[in-house]
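Q: After the sequence you'll find the predicted model.
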Amino acid sequence: MNKTICLTIALLALFACSPKQENKNEAISDTKPEETNGSPIPILFDTDANNELDDQHAMAYLFFNKDVFDVVGVTVNATTSGGEISKHYKEAERVMKLCDVYDKYQLYAGANNDFSNIVANIDKDDYDGKEAVEFIIEEARKPREQKLVLLPVGKLTNIALALAIAPDIKEKVKIVWLGSNYPNSGEYNLVADIPAMNYVLKQEVPFDMVTVRYGEPSGSDAVRVTLSEIENKMPGLGPTVEPVEGRHGGSFDNFGDYSVSLFKNIDLHGDLPSRALYDMVAVAILKNSAWGESKEIPCPTMVNDTWKEQPENTRKITLWENFDEKAIIDDFYSVLQTADP
């Protein structure tokens, strides 16, 4: 009888623990890449790296999430605030060296000008942005078990040119773009090349729009950090590398120290002076879709700097908003703290 009682108690204890174990497994699976069976997401990062400081933090976050992302390379484009293409290339190179991946990933210079001025010359051997555009096409055409994610966090010029030259890649890629104040007008990445955006929106290619929405809690502008927070958490983070000269001078042998320098040399905004890490949000929702809200909408277009809705449009895009600021920022620090020393 005593053996029977003991067996019953043991079984009851086992059943009581089972739901907790199931929930734990569900929580773990939520952090794996969506629709990839847990395998790393092949991703190509397209950036105006010298524009401000969010691109650099997005790059570091991407590079140090090695189990989540299979980075195939980086391409750059030029926008007005960051200067000519050479400056964007140099800043991307700097960050890649500080993250100790410069010898691992390819880096190519892309468009200086905008889509409308370049597309008429794409039959020439030396069209603007050729190196980056051809690299995008080459990587898109490689056989993979899953689509290559193109992650542009600046203007869409390089991506639009690649689609114009090689329409066949539409079936092989997914575009996740950090840009727009949709449904409101404006936003830096958008106005940098509206024709490029409109061209991409017309193509039958999977397209996610990660909203910015300046000053609103629903966009990536709400994912912000202060200088004091950066000064407290970032020094010394990342692998130690050969010293690299910073954009604002000085010499740095890890990304964390360079992050502090970037924040010290930029204007801060808001009642609690801070800076948004816009581009990093686009990386974060690819890592964990629970960190934002998404919905499918009929693809709009932009006419005279104003969004025009197209409710009858059968082409749909995915809109991202309402991001989990705390989860994203906490994960960023956690990833940097555990990056290869």
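A: Ah, there it is. Numbering: from 1, shown residues only.

Q: tell me the contacts of the nearest residue to R247 once chain neighbours are set aside?
A: Nearest residue to R247, sequence neighbours excluded (C-beta to C-beta, 6 or more residues apart in numbering): E91, at 6.1 Å. For the C-beta atoms, the positions are set from N, CA and C on the backbone; glycine is no exception. E91 is in contact with A49, N50, D55, Q56, G82, R247, counting by C-beta atoms under 8 Å, 6 or more residues apart in numbering.

Q: can I get those residues in TSV with neighbour count, distance to K326 and pLDDT?
A: Putting the contacts of E91 into TSV (neighbours: other C-beta atoms under 10 Å; distance: C-beta to C-beta, whole Å; pLDDT from 0 to 100) gives the following:
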residue	neighbour count	distance to K326	pLDDT
A49	33	27	98
N50	25	29	97
D55	27	22	98
Q56	27	22	98
G82	20	30	93
R247	19	29	96
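
Q: how near is A49 to E84?
A: 13 Å (C-beta to C-beta, to the nearest Å).

Q: again with Y61
A: Per C-beta to C-beta, Y61 is found 26 Å from E84.

Q: Show me what the host helix or strand of A282 is packed up against.
A: Assigned by DSSP states H and E, A282 belongs to helix 278-287. Counting contacts by 3 or more C-beta pairs under 8 Å, 6 or more residues apart in numbering; DSSP states H and E, helix 278-287 packs against strand 41-47, helix 54-64, strand 69-76, strand 148-152, strand 173-178, strand 207-210, helix 325-337.

Q: picking up where we left off before, which of Y61 and E84 has more residues huddled nearby?
A: A side-by-side neighbour count of Y61 and E84, using other C-beta atoms under 10 Å, places Y61 first with 25 against 11.

Q: which stretches of the protein have low pLDDT?
A: Residues of the chain that meet the criterion pLDDT under 70 lie in 1-37, 341.

Q: hey, where'd the strands end up in it?
A: 41-47, 69-76, 106-109, 148-152, 173-178, 207-210, 224-225, 244-245, 251-252, 275-276, 293-298, 301-303, 306-308, 316-321 (DSSP state E).
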